[in-house]
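Undergrad: here are the coordinates; sequence isn't available:
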């Protein structure tokens, strides 16, 4: 067990999509997901989010919000969308960031921000995480 913080469960897999309503309808009407949220603007993060409940975890659909959306470049490279990041819960996000920084893992923000679930989150640089953009969320 890690002395400062503990890695928890998979919270969600985030998929950047070019057409949020089309993707929302796909999960709701084609796949039959029982829990599909409305699109919610997240201006601080430059995205709209839709959460698809899967019982043990969620899919987060991401749509562009504003001209400086952080998923803009991703969608330019991936015209049909794709997996953008995965989110894993930790019991202490601040301790996790401090510890990981000491180990040479870069955080995209120096301090956690409040995420779509109203909890502190931080994103870790994909070049330091096996090519995956990792979001850590306070459990």
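TA: Great, that's in hand. No experiment lies behind these values; they were computed from the predicted model shown.
Undergrad: can you pull out the helices in the protein?
TA: Under the criterion DSSP state H, helices of the chain are mapped to 20-25, 72-77, 93-102.
Undergrad: now distance to residue 138 and mean neighbour count too, for those, in CSV please.
TA: For glycine as for every other residue, the C-beta is placed from the backbone atoms N, C-alpha and C. Formatted as CSV, the helices of the chain follow (distance: least, Cβ to Cβ, whole Å; neighbours: other Cβ atoms under 10 Å):
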stretch, distance to residue 138, mean neighbour count
helix 20-25, 26, 17
helix 72-77, 25, 13
helix 93-102, 4, 17
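Undergrad: report the separation between the residue lying closest to residue 85 once chain neighbours are set aside and residue 30.
TA: The spatial neighbour of residue 85 that comes closest, neighbours along the chain excluded (Cβ to Cβ, 6 or more residues apart in numbering), is residue 133 at 3.9 Å. Distance of residue 133 to residue 30, given as Cβ to Cβ, to the nearest Å: 27 Å.
Undergrad: sorry, back to before: contacts only, for the residue nearest to residue 85.
TA: Shown in contact with residue 133 (Cβ atoms under 8 Å, 6 or more residues apart in numbering): 84, 85, 86, 123, 124, 125, 126.
Undergrad: is the second one in contact with residue 122, as I believe?
TA: Going back to what we said before, that points to residue 85. No. Using Cβ atoms under 8 Å, residue 85 is not in contact with residue 122, being 11.6 Å away.
Undergrad: shared neighbours, those two?
TA: Shared contacts of residue 85 and residue 122 (Cβ under 8 Å, 6+ apart): residue 135.
Undergrad: ramachandran angles for residue 129?
TA: With angles defined as degrees, to the nearest 10, residue 129 sits at phi -130, psi 40.
Undergrad: so where do the strands sit in the protein?
TA: 7-16, 35-36, 40-42, 47-53, 58-64, 82-90, 113-114, 120-124, 134-138 (DSSP state E).
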